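**Q** here is my input; please provide its structure:
(one chain, ligands or ions: 1)
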Amino acid sequence: MKDIYLLSGFLGSGKTSLLSHLIEQLKAEGLKPAVIMNELGKLPFDSKSVDEDVPIKEMLEGCICCTGAEKMEAQLQMLLEGEEFDVLLIETTGAAHPVEAMDAVLSPYFASRLNMKGIITVADCKRWIDRDKMTPQTRMLFMEQIKHAHLIVANKVDLLSDNEIALVTLQIQGLNNHAPIIQTSNAKLPLKMITNLEATYSSQEIQQAAIGKQLSLSSRLHTFTEPVNKDEFEKWVKELPDTIYRMKGYVPLKGHKNPFLFQYAYGMVQWLPEYIKMNPQIVIIGDQVESIAIIGSAQND
Ligand SMILES: Nc1nc2c(ncn2[C@@H]2O[C@H](COP(=O)(O)OP(=O)(O)OP(=O)(O)O)[C@@H](O)[C@H]2O)c(=O)[nH]1
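**A** Here you go, the predicted structure:
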């Protein structure tokens, strides 16, 4: 399993600075990082800040969350087949919504090979103070990136007074009380702050997670042991809480030879027949995915 971290945060908040700093520390630990960079526009500008010996893939056209799920799958495939690495750092564009970005990365094809460790959001503290100057839409995105983070890097504290730092930290914590907040200048985050993040559940961890931890956004891989009835499955989907944002994968349906490709987003279900027998697995993305009971499972999973 390779660990993946998603670096999120608004335009200019310090994501590339964080990326360089993490790469430096990973290498010092003897680990091999790889990078996927998603830039809006076509110039691979930031990739110059990554050392030449680090495998890097760039997604230059479009935001991963809008157009890029397939491109992301292709890049992940190329990295997994063609490069040796231990840890993958994915820098998203400042315009990416964290749920959508996580969705693009979590393909059922790679679910058993990649371990999503978490979303690290770089919050520009200076911009936070001036957030009333943003348009409502932009401000909403800025907030969402903080709300869904597993770790918040409160960056650019060198531009703030002590009182301002205390106030911003308190306000950010009010928006997301699950995630630790680390105050930084130039996104100098110690590596040890990210290594124990967890945002993926395998079936063995479900019971333990339900008792021990309360995470926000996370993913879960479920393997079906037997076919399910389509109507009953759709009824189960309809009754899921609103905090289940996305599901995708292959569902074995009673009366059909091969599992169907299943997609769920924004309350809509889509089915497509498959002509080859894919693994009967789905990826579920949402808040507290560990606590939902899955149809057709003996126990919780
Ligand atoms: N004063 C100050 N400047 C910072 C800090 N962190 C980053 N910067 C500067 O802010 C600018 C943007 O930093 P990047 O690391 O490129 O930010 P980014 O989030 O990758 O930017 P985009 O890729 O455009 O979204 C650069 O000029 C950095 O030198 C900080 O803590 N304090």
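**Q** got any ranges where the protein has weak pLDDT?
**A** The chain contains residues with pLDDT under 70 at 39-49, 60-69, 200-216, 297-301.
**Q** figure out how far the strand ranked longest in it is from the centre of its chain.
**A** Of all the elements of type strand in the chain, the one with the most residues (DSSP state E) is strand 114-124. Here strand 114-124 shows a centroid-to-chain-centroid distance of 6 Å under the convention Cα atoms, centre = their mean, to the nearest Å.
**Q** can you confirm whether the very next helix or strand once past it lies near the ligand?
**A** Sequence order places helix 125-129 as the next helix or strand after strand 114-124, per DSSP states H and E. No: Helix 125-129 does not reach the ligand (Cβ under 6 Å from any ligand atom); its nearest approach is 7.8 Å. Heads up, the C-betas are built off the backbone N, CA and C, glycines and all.
**Q** list the buried residues in helix 125-129.
**A** 125-128 (16 or more other Cβ atoms under 10 Å).
**Q** tilt between whichever strand or helix holds T169 and strand 114-124?
**A** Assigned by DSSP H and E, T169 belongs to helix 162-175. Using axes from the mean of the first three to the mean of the last three Cα atoms, to 10 degrees, the inter-axis angle of helix 162-175 relative to strand 114-124 is 140 degrees.
**Q** what's the helix or strand that comes right after helix 162-175 packed up against?
**A** The first helix or strand that comes after helix 162-175 along the chain, using DSSP H and E, is strand 181-183. Judged by 3 or more Cβ pairs under 8 Å, 6 or more residues apart in numbering; DSSP states H and E, the packing partners of strand 181-183 are strand 151-155, helix 162-175.
**Q** for L22, which of the ones you listed is the nearest?
**A** Among those, strand 151-155 comes nearest to L22, with 10.5 Å by Cβ to Cβ.
**Q** what about the nearest residue to Y275 once chain neighbours are set aside, neighbour count?
**A** Nearest residue to Y275 in three dimensions, chain neighbours excluded: N258, at 6.9 Å (Cβ to Cβ, 6 or more residues apart in numbering). Neighbour count of N258, defined by other Cβ atoms under 10 Å: 15.
**Q** do D132 as well
**A** 6.
**Q** cool, and L88?
**A** That count, for L88 with other Cβ under 10 Å as the rule, works out to 25.
**Q** which residue is nearest the centroid of the chain?
**A** M102 (3.1 Å; Cα atoms, centre = their mean).
**Q** contacts only, for it.
**A** Counting by Cβ atoms under 8 Å, 6 or more residues apart in numbering, M102 makes contact with 6, 116, 119, 199, 217, 219, 285.
**Q** now swap in N279 and tell me
**A** Shown in contact with N279 (Cβ under 8 Å, 6+ apart): 108, 223, 250, 259.
**Q** dump the residues you listed to JSON lines, plus distance to the ligand.
**A** Formatted as JSON lines, those follow (distance: Cβ to the nearest ligand atom, whole Å):
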{"residue": "P108", "distance to the ligand": "29"}
{"residue": "T223", "distance to the ligand": "37"}
{"residue": "Y250", "distance to the ligand": "35"}
{"residue": "P259", "distance to the ligand": "39"}
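**Q** just among those residues, which is most surrounded?
**A** Ranked by neighbours (other Cβ under 10 Å), the contacts of N279 are led by P259, which has 22 neighbours.
**Q** which phi and psi values does that residue adopt?
**A** In terms of degrees, to the nearest 10, the main-chain angles of P259 are phi -60, psi 140.
**Q** excluding chain neighbours, what is closest to it?
**A** Per Cβ to Cβ, 6+ apart, closest to P259 is Y250, 3.7 Å.
**Q** hang on, the one you found packs against Q263?
**A** No: counting by Cβ atoms under 8 Å, Y250 does not reach Q263; the two are 10.7 Å apart.
**Q** near the ligand, which residues of the stretch 1-150 of the chain?
**A** So the stretch 1-150 of the chain meets the ligand at 9, 11-17, 46, 94 (Cβ under 6 Å from any ligand atom).
**Q** which of the residues you listed fall within helices?
**A** Among these, the residues falling in helices (DSSP state H) are 15-17.
**Q** can you tell me which of the residues you listed is closest to M37?
**A** Each of those was checked against M37 using Cβ to Cβ; the closest is T16, at 8.4 Å.
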